[in-house]
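Chemist: Pasting the sequence and the predicted model now:
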Amino acid sequence: MHEGPPLISEAPSTARGRATRERIVTAAAALMHQYGVAGTSLDEVRAATGTSKSQLYHYFADKSALVGAVIQRQVQQVLQAQQPELDGIDSMIALRRWRDRVVAMQRQAGAVGGCPIGRLVAELADSERGAPVELVDGFATWQRRLADGLGRMHRRGELDADPDALAAGLLAALQGGLLLAQATRSVRPLEAALDLALAGVAAHLVPAARPGPVPGRPHPS
């Protein structure tokens, strides 16, 4: 996984500059979410933000730079929305709390919209240059946050599998579940995908660390 620079690029030095840049990124993110990256032009971003061409190019060298900033913003918001459960993973109980938060957010949204980062993958990953580095880094950061929690269990001797591999499986299940939830307008595929993924994690618990059954759910083992 990429361990390069942080997700958020260097901010302008003045409060006014930071506000202008944030306004541009916010508007671009909304337009790209609605119309796609290819369907959003820089002229449309300028019109939505009331900025001049010189202002826009002062903060972003080209459309690719703006897309990168949008990806960084979306990643930050997606990860922040999962807090504190995401960074609190240190047991199967905590892992289920994270699962429940993700499902609750999709239920509240009516299973509409899917994952903002996943939508960008569908549009950008197959380009000639491949997925933008910000997109690769975003998923790497998300997987690493999951792996950090699983790693705490592993270091305590409660988990006998590679935390990185389990985190990759959880993230893949989450993305597939979100896609099917979006297609069916139901959280049931997401619940099923995450429950199967969590059962896979539970299967690697050492016997002494396996929890008892949770009311309303089958025992993970």
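Modeler: Cool, the structure landed.

Chemist: ok, now which ones touch Leu166?
Modeler: When contacts are counted by CB atoms under 8 Å, 6 or more residues apart in numbering, Leu166 touches Leu146, Ala147, Leu150, Leu159, Gly200, Val201, His204. The way it works is simple: take the backbone N, C-alpha and C, and place the C-beta from them, glycine included.

Chemist: Mark which of the residues you listed are buried, thanks.
Modeler: Leu146, Ala147, Leu150, Leu159, Val201, His204 (16 or more other CB atoms under 10 Å).

Chemist: Specify which member of the contacts of Leu166 is nearest to Ser54.
Modeler: Ser54 lies nearest to Leu146 out of the contacts of Leu166, by CB to CB, at 42.4 Å.

Chemist: if I've got this straight, Arg129 is in a helix?
Modeler: No. Counting by DSSP: H, G, I helix; E, B strand; the rest coil, Arg129 is located in no helix; its state is coil.

Chemist: got the buried ones among the contacts of Leu166 as JSON lines, with distance to Ser52 and secondary structure columns?
Modeler: Output for the buried ones among the contacts of Leu166, formatted as JSON lines (distance: CB to CB, whole Å; DSSP: H, G, I helix; E, B strand; the rest coil):
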{"residue": "Leu146", "distance to Ser52": "42", "secondary structure": "helix"}
{"residue": "Ala147", "distance to Ser52": "44", "secondary structure": "helix"}
{"residue": "Leu150", "distance to Ser52": "49", "secondary structure": "helix"}
{"residue": "Leu159", "distance to Ser52": "55", "secondary structure": "strand"}
{"residue": "Val201", "distance to Ser52": "52", "secondary structure": "helix"}
{"residue": "His204", "distance to Ser52": "56", "secondary structure": "coil"}
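
Chemist: Give me the most central residue, the protein.
Modeler: Val78 (4.7 Å; CA atoms, centre = their mean).

Chemist: three-state assignment of it?
Modeler: Criterion first, three-state DSSP; result for Val78: helix.

Chemist: What separation is there between it and Arg21?
Modeler: Look at Val78 and Arg21: by CB to CB, to the nearest Å, they are 20 Å apart.

Chemist: again with Gly50
Modeler: 14 Å.
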